[in-house]
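Peer 1: Below is the sequence, then the predicted model.
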Amino acid sequence: MTSIFISLFQKMAYNKLIESGISFADTSETYGLVSRKENLSAEQIIGQCIEENSERTPLLASTLCNPWKSLRQGTGIRLGKGSIIHAISKSAERMGASAIDLYQVPAKMFYVGTPGCVVNALSLAMDQGLINNVGVCNMEKNAMKTFIQKLSKKGYTLTSNQFEFSLVNRKALKSGLIKTCKDLGVIPIAHTPLGRGLATGIFTATNPTGGQVSGQQPFPFETLEKYSTLHTMLATVQKKVRVRLEKENRNLQDRRGRYRGESVRFIIIKYFSSVKDTSLSSFFSLLLILRR
């Protein structure tokens, strides 16, 4: 029963995101792996959501699991390009897709196979139409340049590089990684944009537990104090946004009220212009109609 409620909740969240204009779904074969037998892994839930809301399908991205992590989690030994092709096919199958729009491989991954095995597998997957674009995760600029060279020999290009970037982690900007992506035509995708909670403004030096009386403190006080200026600015922005939204909501309510009033006046004028009897009894008859 719990799994059913989890699935329903996630489908509601998915529909809300799609309705709000979100058009990119990034997942991995490892997300929710323990729930795969119940058809509740991340890929399977996305597949179910797309099946039920097929009018607007987002771009699908999935990430290959590190082979050693895969072995520890019980998904089997992975060797050679055939195992990568199999992993891609299974991910697409779980999401109910004929092809994955963006397939990503982790940068720090020692894969057993012939030299260039990963690139060869990705190129073959592109040839077979299993994936439409190739991406990498957490790859530094020099390694990215080398990877691009290997892909170009197969006639393909690198589409994206996904790495951590937030208000509390701007290493990719300082190291020149973002500039290199721009120079090479690679799309940067930021993961962990809220800094694991540190960039939300919930946990601060004056509120280290996020308002939980008996809660644990997820960040050292020194770290929270370091970002106290940021947290103050976030609180200021939050207040301004709240005031703006409240004002917009009041204006919306006023417009709705005026619209209802104008509609009633229009009905009254239209009614009396179409009937000959303008007596008081006729007016009360109209009120009864409006109340229905």
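Peer 2: Sure, I can see it. Residues are numbered from 1 along each chain as shown.

Peer 1: quick one: the helices in the stretch 151-292 of the chain?
Peer 2: With helices called from DSSP state H, counting those that start in this stretch, the stretch 151-292 of the chain shows them at 171-174, 177-184, 221-226, 228-274, 280-291.

Peer 1: for the third one, packing partners?
Peer 2: On a contact count with 3 or more CB pairs under 8 Å, 6 or more residues apart in numbering; DSSP states H and E, helix 221-226 meets no helix or strand. For glycine as for every other residue, the C-beta is placed from the backbone atoms N, C-alpha and C.

Peer 1: which outside residues touch that helix?
Peer 2: Applying CB atoms under 8 Å, 6 or more residues apart in numbering, the contact partners of helix 221-226 are Leu198, Phe203, Thr204, Ala205, Pro208, His231.

Peer 1: Share the number of residues neighbouring the residue nearest to Leu167 when sequence neighbours are not counted, please.
Peer 2: Of all residues not flanking Leu167 in the chain, Ala199 sits nearest, at 4.4 Å (CB to CB, 6 or more residues apart in numbering). The tally of other residues near Ala199 (other CB atoms under 10 Å) stands at 19.

Peer 1: With Val168 instead?
Peer 2: Val168 has 19 nearby residues by other CB under 10 Å.

Peer 1: Over to Ser214?
Peer 2: 5.

Peer 1: next one: Glu93
Peer 2: For Glu93, using other CB under 10 Å, the count is 13.

Peer 1: which secondary structure element contains it?
Peer 2: helix 80-95 (DSSP states H and E).

Peer 1: which helices and strands sit right next to the helix or strand following that helix?
Peer 2: With elements assigned by DSSP H and E, the helix or strand that comes after helix 80-95 is strand 102-106. Judged by 3+ CB pairs under 8 Å, 6+ apart, strand 102-106 is in contact with strand 59-63, helix 117-127, strand 134-137, strand 158-164.

Peer 1: Switch these over to a markdown table; also include mean pLDDT.
Peer 2: Output for the helices and strands packed on strand 102-106, formatted as a markdown table (pLDDT from 0 to 100):
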| stretch | mean pLDDT |
| --- | --- |
| strand 59-63 | 90 |
| helix 117-127 | 94 |
| strand 134-137 | 96 |
| strand 158-164 | 97 |
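
Peer 1: Format those as a markdown table; extra columns: mean neighbour count.
Peer 2: A markdown table is the format used below for the helices and strands packed on strand 102-106 (neighbours: other CB atoms under 10 Å):
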| stretch | mean neighbour count |
| --- | --- |
| strand 59-63 | 22 |
| helix 117-127 | 20 |
| strand 134-137 | 24 |
| strand 158-164 | 22 |
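
Peer 1: From the opening residue of stretch 163-172 to its closing one, how far?
Peer 2: End-to-end distance for stretch 163-172: 8 Å, by CA to CA, to the nearest Å.

Peer 1: Now do the buried residues in that stretch.
Peer 2: Phe163, Glu164, Phe165, Ser166, Leu167, Val168, Asn169, Ala172 (16 or more other CB atoms under 10 Å).
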